[in-house]
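Asks: Just a sequence and a predicted model for now, questions to come.
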2 protein chains.
Amino acid sequence: MNSDIKKNRMTDVTLTILKSDGTPLANQQVTVEQTNHDFLFGTAAFDLVPLTGGDYIGEEKDRAEQRAEKITALFNAATLPFYWARFEPQRGKPITEKVKNAARWCFDHNMVTKGHPLCWHTLTADWLLEMSNAEILQAQIDRIRRDVSDFRGLIDMWDVINEAVIMPVFDKYDNGITRICKEYGRINTIRTMFDIARETNPTATLLINDFDVSPAYDILVEGCLEAGIKFDVIGIQSHMHQGWWGVEKTLKVLENFERFKLPIHFTETTLVSGHLMPPEIVDLNDYQVTDWPTTPEGEERQTEQTIQHYKTLFAHPLVEGITWWDSSDGGWLNAPAGLIRTDGSVKPAYEELMKLIKGEWWVTPIKLMTNDNGEIQFSGFFGQYKLSFGGKQTLVAITKGKGTVISVEV
Amino acid sequence: MNSDIKKNRMTDVTLTILKSDGTPLANQQVTVEQTNHDFLFGTAAFDLVPLTGGDYIGEEKDRAEQRAEKITALFNAATLPFYWARFEPQRGKPITEKVKNAARWCFDHNMVTKGHPLCWHTLTADWLLEMSNAEILQAQIDRIRRDVSDFRGLIDMWDVINEAVIMPVFDKYDNGITRICKEYGRINTIRTMFDIARETNPTATLLINDFDVSPAYDILVEGCLEAGIKFDVIGIQSHMHQGWWGVEKTLKVLENFERFKLPIHFTETTLVSGHLMPPEIVDLNDYQVTDWPTTPEGEERQTEQTIQHYKTLFAHPLVEGITWWDSSDGGWLNAPAGLIRTDGSVKPAYEELMKLIKGEWWVTPIKLMTNDNGEIQFSGFFGQYKLSFGGKQTLVAITKGKGTVISVEV
């Protein structure tokens, strides 16, 4: 295993197991088994909204349920959709309850949820166009306040603002959010959105997120931090429809953000298993194809690159999450970007990721004997573990920075 | 004339001329003649250092003097060189007196001077490489304090920091300034350099300057302003060795900075009169040619584009200066970038600029009669004017925002 993964993701643990009377559980066999990662292995899980909303019936429903099972088997985090145009197509009629169903489903399936995004110029509400800039700003503020509040406890992680680098100069079509960002400036807009989100849910994890990995983005982050804005996580998109970045570029991008010493999420990771999108396409949305099949060669390439990409990111001390985008083929851009084919079968990249996330990077059940002091020692990944002994079970969290000498009372 | 030039650069003036006893100089013929522009029509004038330093002799000196005459006939501003590697090749032995001679010469020839640059990763002192980052930072601070202080009164305008967008990620070769910018961050580095320059000469005009005209630069400016750094002028380079930007791109670049409502200088404007540099060159310094001749077709293209470029910028309300780079052929990159050929003759672009700066945009002597109240009225460009009547002369400044009803006591 990569020594950086060992260094940054694992720890040697000494667990002292005490009985309820405070005396050590000495010389007892204990089975230790990992049940979750602290690291967020996530996926865009928009499909859960129609599934949990009862929109699918018959075979379509069966297939969606099978996809959902495959998602929960591999991932521990889900990104749920809050695109304003779809979330509140008619002003005042948001689909809050539908998305809550999906969030509850994730909660029940031990998946951490993130809402994406609260403020973005793409897929924003058309009805903003009728308003003055002051009214648009107020509507955007109200929207954040309402949704972050409505979902508090179900969704406590948000992509607060998406693609702020291009936001005020985006010129493909007129939209309300570009208008206000142009008038108030990027940093002021970001500050307002973070202030409102933070005030509404002070314990939420709030991200800035962007596809731009040129110096413009890290300069924007620096400017925001200097202006006193608090980011919990820096989100970096990596839609690689035009080809894998490779390890060198990935590390270079990470290097640009390292000086902030903030957690980093790779929020939107795409590696296609079909032909690559031509390099001359600048805005990925411009590539419109009716058929973009997954191919055996493409799947082989996707598998290799996925392994490399995850290994590179999992080894980096600041990265705390990777979200795959989309889980199944035929989502955004009709791309073969999934780990699951349209027929519901899994691709080799899925299987290889499973071997990493629940294999090489996972503590499978081990049997240990406590010593006279009730201690066991093992080496494990940061995450949650189940201890079983004498018919009893207990959970214990092994968390970075929390110390590795833990007492468990049973 | 372009209506924006009329609107942004000219004003209708009412001058009341009073005699020393306070009564109006009634019904008297007055000649009004412009003697300078407020707008800075500048040029890189590095050649003045060897010229005024006595480095040229014989014919070489004659040619340099002729070039200098042509410069002063056209321009009212000069950029003087402070590249650290050349200004202080040996630590503690700066060529202060030599550059002072050039600055005094400019002062005597009514040219406003600017020092370029105080902090830059290119052409910085090699001897920084031996130091720790804390020592480099201190040396850079000391350098700014020394030079801004030494030249106070002679040079009161500075490119404080040059190319900060690329500064911390510049990777062509190791250098002291990239090292400190990487460690302390762009905004912190900029803040420090501006703080020191401002503190040393509080009345100086201080610029940030960059060739990067992507959103990275205006985002950096926004971040600095949010962090409380005060820029007097935003400097934009426009080295167009690979072809003229055209009006559309020029206006687009300006638009990105308009929201700051700060003065803008086009600090380094190049349009070559020979073949264009190939588009695949990314760092202009990589294009090394022994021969890059000026050509008749090239001079024609240069002329047309120069006229368009100056008209576009002179019409924009925020632009307050344009600096041509270099004045004569054979300077940086050995490019035919001059308005003067290597044989000392002027190119058509020089003549056309003269027709604009001292022609279309200039009030040539006009004879006016004062009325009973001693008033004359005329329309003029912001700048300095000479009034002549009855053997007497006086100067009057017509400055933006200072009102256009002026009393002159004679």
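Replies: That came in fine, so what should we check first?
Asks: contacts for the top helix by length along chain A?
Replies: Counting residues, the longest helix in chain A under DSSP state H turns out to be helix A:296-315. Helix A:296-315 is contacted from outside by A:2, A:4-5, A:8-9, A:39, A:238, A:240, A:244-245, A:247, A:250-251, A:266, A:269, A:271-275, A:319, A:322, A:336, A:347-349, A:352-353, A:356, A:361, using CB atoms under 8 Å, 6 or more residues apart in numbering or on different chains. In short, each C-beta sits where N, CA and C put it, glycine included.
Asks: and the residue of chain A nearest chain B?
Replies: A:G223 (2.1 Å; CB to the nearest CB).
Asks: Any stretches of the stretch 151-300 of chain A with poor pLDDT?
Replies: For the stretch 151-300 of chain A, no stretch is flagged by pLDDT under 70.
Asks: all strands in it, in order from the N-terminus.
Replies: For the stretch 151-300 of chain A, applying DSSP state E, counting those that start in this stretch gives strands covering A:157-162, A:205-210, A:233-239, A:264-270.
Asks: Could you work out which of those reaches nearest to B:T96?
Replies: Checking the strands of the stretch 151-300 of chain A against B:T96 by CB to CB gives strand A:233-239 as the closest, at 44.9 Å.
Asks: Quickly check: the closest one near chain B or not.
Replies: No: contact of strand A:233-239 with chain B (CB under 8 Å from any CB of the partner chain) is absent, the minimum separation being 14.6 Å.
Asks: where along the stretch 1-150 of chain A do the strands fall?
Replies: For the stretch 1-150 of chain A, the strands defined by DSSP E, counting those that start in this stretch occupy A:10-18, A:29-37, A:40-44, A:77-81, A:112-116.
Asks: List the residues that contact the closest residue to A:E409 other than its chain neighbours.
Replies: Of all residues not flanking A:E409 in the chain, A:L18 sits nearest, at 4.9 Å (CB to CB, 6 or more residues apart in numbering or on different chains). Going by CB under 8 Å, 6+ apart, A:L18 touches A:24-25, A:374, A:407-410.
Asks: Buried subset of those residues, written for ChimeraX?
Replies: The buried residues among the contacts of A:L18 can be selected in ChimeraX (16 or more other CB atoms under 10 Å in any protein chain shown) with this line:
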select /A:24,25,374,408
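Asks: Now go through the contacts of A:L18 and say which are in strands.
Replies: A:407-409 (DSSP state E).
Asks: Spell out which parts of chain A neighbour chain B.
Replies: Residues of chain A lying near chain B (CB under 8 Å from any CB): A:165-166, A:169, A:182, A:185-188, A:214-216, A:219-220, A:222-224, A:226-227, A:256, A:259.
Asks: Inside helices: which ones of the residues you listed?
Replies: Residues of the residues of chain A next to chain B located in helices (DSSP H): A:182, A:186-188, A:215-216, A:219-220, A:222-224, A:226, A:256.
Asks: Just the buried subset of the residues you listed, written out for ChimeraX, thanks.
Replies: In ChimeraX syntax, the buried subset of those is picked out as below (16+ other CB under 10 Å):
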select /A:182,186,187,188,215,216,219,220,222,223,224,226,256
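Asks: could you dump the ones in helices among the residues of chain A next to chain B to CSV with distance to A:V396?
Replies: Formatted as CSV, those follow (distance: CB to CB, whole Å):
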residue, distance to A:V396
A:K182, 51
A:R186, 44
A:I187, 43
A:N188, 45
A:P215, 43
A:A216, 44
A:I219, 43
A:L220, 40
A:E222, 39
A:G223, 42
A:C224, 37
A:E226, 41
A:N256, 37
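Asks: circling back: pull up the per-residue confidence for the residue nearest to A:E409.
Replies: On pLDDT, A:L18 comes in at 88.
Asks: how far away is it from A:G380?
Replies: According to CB to CB, to the nearest Å, A:L18 and A:G380 sit 20 Å apart.
Asks: A:K70 is nearest to which of the strands of the stretch 1-150 of chain A?
Replies: Nearest to A:K70, of all these, is strand A:40-44, at 9.9 Å by CB to CB.
Asks: What is the closest one packed up against?
Replies: helix A:58-74, strand A:77-81, strand A:112-116, strand A:319-324 (3 or more CB pairs under 8 Å, 6 or more residues apart in numbering or on different chains; DSSP states H and E).
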